[in-house]
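**Q** after the sequence you'll find the predicted model.
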Amino acid sequence: MTSNSLVYLIALPLFGSAVLLLAGRRSDRWGHLLATALSAGSFGIGLMQFSQMLSRSNEQRAVSQKLFSWISVGSFEVDAGLMLDQLSICFVLLITGVGTLIHIYSIAYMSHDHDRRRFFAFLNFFIAAMLLLVLGDSYLNLYVGWEGVGLASYLLIGFWNQKPTYATAAKKAFIANRVGDMGLSLAIMIAFATLGTVSFAGVKEHASQASTGALTAIGIMLLVAATGKSAQFPLQSWLGDAMAGPTPVSALIHAATMVTAGVYLITRSNFIFDAAPTAQLCVAIIGAITLLFGAVIGMAKDDIKKALAASTMSQIGYMVLGAGLGPAGYAFAIMHLLTHGFFKAGMFLGAGSVMHGMDDEVNMRRYGGLSKFMPITFATFGLGYLAIIGVPPFAGFYSKDKIIEVAFNAGGIKGITLGVAALLGAAITAFYMTRVVILTFAGSKRWDDKAHPHESPFLMWGPMALLALGSVTSGFLFTHGDALRNWLAPVVEQIPAHEGELLSPMIVSILALVLVVLGVSLAVIKYFLNEVPETVPENVTIFTKLARRDLLQDAFNEAAFMRPGQSLTRALVKTDVAVIDGAVRGIARLASGSGKALRTTQTGFVRSYAMWILLGAIALIAAIWMVTL
Amino acid sequence: MSIFTAPVLNYSLLAPILIVLAGAVLGVMIEAFASKAIRPVAQLSLTLGTLILAIAQVWRIRHQSSLTAAMGSVAIDGAAILMQGAVLVIAILGVLLIADQEQFTVLAAAVPGSEEERESLESGQKLTEVYPLTLFAVAGMLVFPVSNDLISLFVALEMLSLPLYLMAGLSRRRRLLSQEAALKYFLLGAFSSAFFLFGAAYLYGYSGSVSLAGIRDSVVGGSGNDVFFLIGIAFLSIGLLFKVGAVPFHAWTPDVYQGAPTPVTAFMAAATKVAAFGAMLRIFYTAFANAYWDWRPLMTVIAIITMLFGSFVAIAQRDIKRMLAYSSIAHAGFLLAGVIALNKAGLDASIFYLFAYGIATVGAFAIVTLVRDSTGEVTDLKRWAGLGKRSPFAASLFATFLLAFAGIPLTSGFIGKFSIFSAAYESGNKAIVVVGVLSSAIAAYFYIRVIVLMFFTDPADDGTSVVIPSMLTRITVIAAFIITIFLGVFPAPLLNFITSLAYFIR
């Protein structure tokens, strides 16, 4: 099936971004409205496509659109083409839906910023790039969107670049992402070298002919790409700093959509990972490590946004774990991705709302007892909280428990290890999220009298309420009658729930709930029943200290990469100046010296010119004579 | 008693040439009878109209070919059509520059510095003879690449050269330099024409025929005196190599490029190269093709010397026009590589290169005409320092043309060089490819140096500035820019067009 309207999904926000950037200050007054309208328009097209999809049978649902022939070199052909199938429509609706809500929210949130128009231009650009990422029909097209969202993320993290630390945070995110991008480009190159094609359909078709080694290499490189974009171990270090961006950006890009691109990439490449078990195992291990890593960091953070960022890292770890479990897990990874999109975006917007009321204070030790002043924010944040810790019947319960269950049932030691890690993560999640809620909304007030906490305007709490609704209902809707699994069936291979399960769903749920209750109780004892000190306590265990320092991720990166890298560049500069420049200068001097010497033949006298011609003629005849003799 | 038979002429195929000649004659009439006031406008519109009409005719006959259009003395074929088209396009752009009468003296016959000259300048008249002269030169350039016998070749050579000698001496400023250039060009041109004619005589002696086909038959048949043949090739080549500016027959180039009014330099540098290489390609690809063993080694040596000499000496230049002149010498070397390749790819590549180089040349010299101070054009390179800061637009365009000369990707020059060198490589001539690439690297040095000078050096406050170009000059510059970039990014349409058309009929 082809469709001519796919391109408009991308074109609308891209147009908005171009208009806002080109029109400059002239569009200050209406720019944000245009951007929001175009994002909503894109959502409308997405809904239309979705309804058309529903009316077709499951095998006929995918549509495609060829835009133009992009690269045509010999037998290598890449079209700039779009493809909308059951997997990408999930993303399209998430990106444009949550994106539009966050546009609306930002109208109010950014109303005092004199650069609001630029903010909306970047936001629209992000929507366009992210849509290209999920709509591209080949790895190369995906790559363009992949780089586009990286750029948007960079621009928005450093949006308040008048603060040097924010600019540094943007740079850090960009560089960490470049490492991942290198993985993606290598994966594309290996795919081209071994399979001769880079389109999803082509790779899928030829994957069976490639050696397992090549597929493993592609898979590992795709995983590297995913760890960069999705802030997974070991490229996770940028996400915490990325909170320097305005809070709506953290909600949209660094919680709901862009950081999940890695999960999309792995799920989209299911045909590679299913044929390369080693790479698939690596994916699962990385996911398990990251979900614990993020959760541990989350316990020690006092900055509300950084705590949520650590949580995001951890939750994406769940998704990557799910995707790494193969056909049994893809659908649940995507399901968790979607539910997470609702509840985490909602909580970030809630955090923004709190900051809005508290003069941009982010330290939770300076909050406390805010539920009285911000009842709506408390309610929406609370629903998101119930969803993330996995209390039935909220969304997280359905999606997270499914991943834990699939992990346990992966078989053997692998299954038990991954399952235990996921369960442990659930307990820690319950602990640190409870901590966030208590520190912020419960207990006694710890802010000084200069702050005047107040509820945010409707433009802000409206989107929060809608997202909270999603946090409540989406899990049930997705699992009801296996709706999402059946929907995704044509894209990702499915295996029926097999016999001989290690643990039945019921047991997993009960185990998880017990651990959640344990985590919540610990947090309540520590932070609700005991006084919370306003200053950071120093007499803590080494583990807390490590967690506060993000488990030494920055120290490690600096020691292992930054300093050796700096020494290497210094050495290279010296070599460059002494050896290479020296050689170049020498050659240049030789060249200009010869030029000057030869120049003396140009005397300006016509008689000497004629002599040159004559000599040339004589030489020519002489040479011919010699050659032919 | 001999019976005179009227020659049978195919006017349809000769139309482009005839139209240009008719336009030139009409131009002479206007000079003679029209009033001074209307001459500039009348001449300009006549010239442009003629050229456009001629292009339309070229387009009309693009798929035809005939050896008998003029009793066997011209060959109309795909390659000829392409060369004629290229000459005409370049000529149009060149005429738009020539229309800037600021560059030309008013009374060419007046002694420099005399009272007569001053009066003529004050009268506010315009020099309009240059238009018919241009058209005569263009007519010669149209005939040169289609000539199919040695006599027509010689006539065409003179027809295109004589007007150019005159035009080189018409500069308004630094008139002595201009007149000196014209005289040098004329003397050396006459000298090399003599060689050409001498070579033609030997070739006739060898084959008993003046037609290219006849010479070819003798080469294939192996009859005739080889000494005559070799001397003939050598001397004929000298005449052609002189016109394209190959070392050691290049000495006139820098002096003439510098002395001639810059619009004339632009036209001459670009169009003459197309016409002369067009003729050269036809001669070597048809008449001499089967004797390649005799001439290829020598031409290879000349090409190599030309590339290296042009690139090296250009580095030492202090004057922008002289630098561009040496650059054109280096480019003649690159083009010779295409001639020597002697294969279809070499022919296609040469034609593409000629067109791309010609357009960029016109554009570059057009920018040179714009950089002035109170006394006229500023060609001293030192005074171009910081031009990018004062006039970023003009400097950027100039930088684009320089990058095209240097063969940097995304410009037409890259595609041209790449296809020439790959054709040469295909023909097995690896030495020329190695030297060509090396001298391209050397050449990049002095092109980039000008860019550095314009953009990364602080401007000296000496009154140098870019004047606001007239509409016509603007058209030339912008058109040249667009073509240069377009051919760099989307070369395929023109390359395919050339590949489908470029054949010599024999």
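**A** Good, I have the coordinates.

**Q** okay, now the residue in the stretch 51-200 of chain B positioned nearest to chain A: neighbour count?
**A** The stretch 51-200 of chain B approaches chain A most closely through B:Lys184 (4.7 Å), counting by C-beta to the nearest C-beta. In short, each C-beta sits where N, CA and C put it, glycine included. Neighbour count of B:Lys184, defined by other C-beta atoms under 10 Å in any protein chain shown: 22.

**Q** let me know the pLDDT of the closest residue to it other than its chain neighbours.
**A** Distances taken as C-beta to C-beta, 6 or more residues apart in numbering or on different chains place A:Val606 nearest to B:Lys184, at 4.7 Å, with adjacent residues excluded. Looking at A:Val606, its pLDDT reads 88.

**Q** so how many other residues sit close to A:Val606?
**A** If we define neighbours as other C-beta under 10 Å, then A:Val606 has 19 of them.

**Q** packing partners for the helix or strand containing the residue of the stretch 51-200 of chain B closest to chain A?
**A** Element membership of B:Lys184, judged by DSSP states H and E, is helix B:175-207. Secondary-structure packing of helix B:175-207 (3 or more C-beta pairs under 8 Å, 6 or more residues apart in numbering or on different chains; DSSP states H and E): helix A:606-628, helix B:150-168, helix B:212-221, helix B:226-244, helix B:252-259.

**Q** got those helices as a markdown table, with distance to B:Gln84 columns?
**A** Output for the helices and strands packed on helix B:175-207, formatted as a markdown table (distance: least, C-beta to C-beta, whole Å):
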| stretch | distance to B:Gln84 |
| --- | --- |
| helix A:606-628 | 29 |
| helix B:150-168 | 12 |
| helix B:212-221 | 18 |
| helix B:226-244 | 17 |
| helix B:252-259 | 24 |
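
**Q** which of those helices sits closest to A:Val259?
**A** With C-beta to C-beta as the measure, helix B:252-259 is the member of these nearest A:Val259 (61.4 Å).

**Q** rewinding a little: tell me which of the helices and strands packed on helix B:175-207 sits most buried.
**A** Comparing those by mean neighbour count (mean count of other C-beta atoms under 10 Å in any protein chain shown), helix B:252-259 ranks first with a mean of 26.

**Q** may I have it exported as CSV, CA atoms only?
**A** What follows is helix B:252-259, C-alpha atoms only, in CSV (Å, rounded to 0.1, in the frame of the first residue of the first chain):
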residue,chain,number,x,y,z
TRP,B,252,52.0,35.4,-24.9
THR,B,253,49.2,34.3,-22.5
PRO,B,254,50.0,36.2,-19.3
ASP,B,255,51.0,39.4,-21.1
VAL,B,256,47.9,39.4,-23.3
TYR,B,257,45.5,38.4,-20.5
GLN,B,258,46.9,41.2,-18.3
GLY,B,259,47.0,43.9,-21.0
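
**Q** which residues sit in contact with B:Arg390?
**A** Taking C-beta atoms under 8 Å, 6 or more residues apart in numbering or on different chains, we find B:Arg390 in contact with B:459, B:465-466.

**Q** what parts of chain B come near chain A?
**A** B:183-184, B:187-188, B:191-192, B:195, B:226, B:230-231, B:233-235, B:237-238, B:242, B:248-249, B:251-252, B:254-255, B:294-295, B:297-298, B:301, B:309, B:311-317, B:442, B:445 (C-beta under 8 Å from any C-beta of the partner chain).
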